[in-house]
Structure formats: structure tokens, C-alpha cells
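K.L.:
Sharing a model prediction with you, sequence too.
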Amino acid sequence: MTQPDFAHRVLAWYDRHGRTQLPWQQDPTPYRVWVSEIMLQQTQVATVIPYYTRFMQRFPDINALANAPQDAVLQHWQGLGYYSRARNLHRAAQTIRDQHHGVFPQTLAAVEALSGIGRSTAGAILSLACGQAHAILDGNVKRVLARYHAVAGYPGQSAVQRQLWQYAEQHVPPSRNAAYTQAMMDMGATLCTRRKPACLLCPLQADCTAAKQGNPQDYPAPKPKKVLPEKQRFALVLRNPHGEIGLEKRPPSGIWGGLWSFPEYADEQAALHALHTDFADSPAKQPPMLKHLAPLSHTFSHYRLHLQPILVDLHMSDTRIMAADRWLWYNTTQAFSGGLSSAAQRLLKNLKEIT
DNA sequence: AACTCGGGGAC
DNA sequence: GTCCCAGAGTT
């Protein structure tokens, strides 16, 4: 589809289905559009409307906002969250008062220079309020474009972001830009929704790559799970001549708090040191038998644990294992009465299989 | 309980 | 440049 066709279809859809009754669309001055855009960055339209109405009553123009105490501004933001945006809004109003004679600037660069306004919000304000031909790239537009062009990858990645901006610029029509900008946001909000997009009602459906592939819901790619930190730990699996296994009660807080598990160490050296000092008698005369067992991996919400178990066959059961409430010898032929860490459960199971 | 949203700030 | 965060709503 040629460039004008894309915008023409979007505009034709807007003329029939676009939103025209939103409060900031009545008398869309840069100030009114600006405030709405900042509120809409964090909150959906239905929630924003009452806040917007109250805000505009209290701060009807840039100077009213600039001259208000910050407390009053924050008070009118109470419940919207992201209070730094209210502070930025307030600061930008003062910048406009002090550096632009109280008149909202009309160039993209000057608007972008204001606190809390980036490339997309600047484009939106100048498009919606002034009819200038700028692209925007908010969450709604990202979704529409990522699907239409089947842009793979998470939009947080700079390369993906760059590609989306390029498409956004490419489709910008030379005229009716305000309607086009509003239409793209409306399409993203009402048709091209994150889940269950209404492709059958979409004016772009016939040429939308993702729709043609049948997988619009796969775009844009979700934020990648952050790579969890990996922790390597060593555990002593102590076995006495009766075949009983030494278990340690973990501290009440932290991972597996209060559960029984194998004594665990940051590295092998610490494990062996503990073995000699805490558990084995006369290591020099009769060193215990050591054997590395298959390592275990366990994923927690905030890290991945790789546990290297070291099986230790002690020559005597009377080790220096002390403090009965924190230590015990477990007879593995019996059911264990108490909480076992998942690591201990798996290790005991593995142990049964190899013996 | 996980995911989302544009811009700012730390690095 | 890149990563992480804010915070309430939505799913």
C-alpha cells in the first residue's frame, strides 16, 4: 500500500468511528492538549477525565499553573500516580512563563526541551493543537505499527524503537495531521488492542502483515524477562555409617526459611573447611570419602541457584554435629516429619536412585 | 501476580 | 547509548 493510502484509510475510519467528544478535544489549545497527554501517559481515558476536568478548573491556563504552589498541583494529581510528572508539568509551565513569555512554544525542539515532554508528546501536542505534521509513537501507535509491519523484537530495544519511528514518520500525512494523530491513538485504543484485536473492523486489515500472518497478538514482542542472576553454591550431603543423612535447619528468614536442608556454602573451599572443623573427626588419620553428585538448579523469583552437592561418607556417626534443634540425622527409610527445602527433596530422591 | 505506559536519571 | 524506575489500572 502506498503511503497516502495508509493515512487515507486511517482518516476515513476516523471520520466514522473516531472519538471527538473528549474534553481536551474541545478547544484543543496546546496547554489543554499538553495536560491531557501527560495524564494519559499513565492512565486510561475514563479515569483521566474527572482529574482533567478538576485540573483545568483549578489551573485554567499556563500562568495559573506556573504561579500555583507545587502542593496545589500535586494535590490535583493525587491518585493518578507518577507524581514526578506533575512536578515536571509544573516546572515546564514555569519555564514557559519565564522563557517563552507565557506562550506555549511552537517548534518541536522547543517543546521537547520542556521538562516531562519527549519526542512523542511534543509531536502529539503540536499535531493535535496546531495541526503541525509530526509523528507520534505512544503505546497505541507502537502496537498498530508493529503489527502492520510485523516489526519483531521488544520496542524497548533501540533498534526496534528506531524502526517504529521510521514507519511512524513514513505514514504521516501532509494534511489533516491532527485527525490522523488522534485516529492512530484511537485505533490502538479501541481496535488494535493488546489482546483480541478487532481486525475485522480495522481499515488496515487487508494490508496488515501480522493480520495476514494470523498472529497480531504476537506484536509487539513483550518485554524480555530479565536475566536472573546466577548463584553457585555448594552443599554437604553428610552420610553416617548407618546411612543416615545430616540435615540442617535453615534460618527463619530468607530462602527456605525454617525448612530443613543440607548445609550450604558459598564455595567448595568453605564447604570442605566446614567439613573438617564441624563434622569430621581426625581428618588426617581417616579422611572421609567425597563424591560430587549431579548439580541441581532451582529458579527463584530473583535468582537462579546452582547447587553442587558433595556427598560425604563419614566413618563415624558421632561427629561434632551439635545443637539438636538445628541438626538431625535423617533415616531415609522413614518419611521425614518436617519441612524439607525443595533442594533437599530432590537431592534425597536422587540419592535413593543412586544407592 | 504479571504486565503496561513515556520520560528521566544513573551509569 | 542502555538499563531501570515510577504506581495505579488492567487482565
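P.N.:
Now that the structure is in, tell me what you want to look at.
K.L.:
DNA strand C contacts on the stretch 51-200 of chain A?
P.N.:
A:79-84, A:156-158, A:195 (CB under 7 Å from any atom of the strand). Bear in mind the C-beta positions are built from the backbone N, C-alpha and C, glycine included.
K.L.:
for chain A, which helix is longest?
P.N.:
Taking DSSP state H as the criterion, chain A has its longest helix at helix A:83-99.
K.L.:
which secondary structure elements does that helix contact?
P.N.:
helix A:30-40, helix A:62-67, helix A:70-77 (3 or more CB pairs under 8 Å, 6 or more residues apart in numbering; DSSP states H and E).
K.L.:
switch the cut-off to 10 Å
P.N.:
Packing partners of helix A:83-99 (3 or more CB pairs under 10 Å, 6 or more residues apart in numbering; DSSP states H and E): helix A:30-40, helix A:62-67, helix A:70-77, helix A:108-112.
K.L.:
rewinding a little: please list only the buried members of the residues of the stretch 51-200 of chain A next to DNA strand C.
P.N.:
A:L80 (16 or more other CB atoms under 10 Å).
K.L.:
could the residues of the stretch 51-200 of chain A next to DNA strand C be laid out in CSV, adding pLDDT?
P.N.:
Below are these laid out as CSV (pLDDT from 0 to 100):
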residue, pLDDT
A:G79, 89
A:L80, 89
A:G81, 89
A:Y82, 90
A:Y83, 91
A:S84, 92
A:G156, 90
A:Q157, 89
A:S158, 88
A:R195, 90
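K.L.:
List the ones among the residues of the stretch 51-200 of chain A next to DNA strand C that fall in helices.
P.N.:
The helices, defined by DSSP H, take in A:83-84, A:158 from these.
K.L.:
Keep the residues you listed, but drop any that are not near DNA strand B.
P.N.:
Okay, of these touching DNA strand B (CB under 7 Å from any atom of the strand), that's A:S84.
K.L.:
Relative to DNA strand B, which of the ones in helices among the residues of the stretch 51-200 of chain A next to DNA strand C is nearest.
P.N.:
DNA strand B has its nearest neighbour among those in A:S84, at 6.7 Å by CB to the nearest atom of the strand.
K.L.:
ok, A:A113 - contacts?
P.N.:
A:92, A:95, A:99, A:105, A:107, A:122 (CB atoms under 10 Å, 6 or more residues apart in numbering).
K.L.:
Now for these, which sits with the most neighbours around it?
P.N.:
Among the contacts of A:A113, the one with the most neighbours (other CB atoms under 10 Å) is A:A122, at 24 neighbours.
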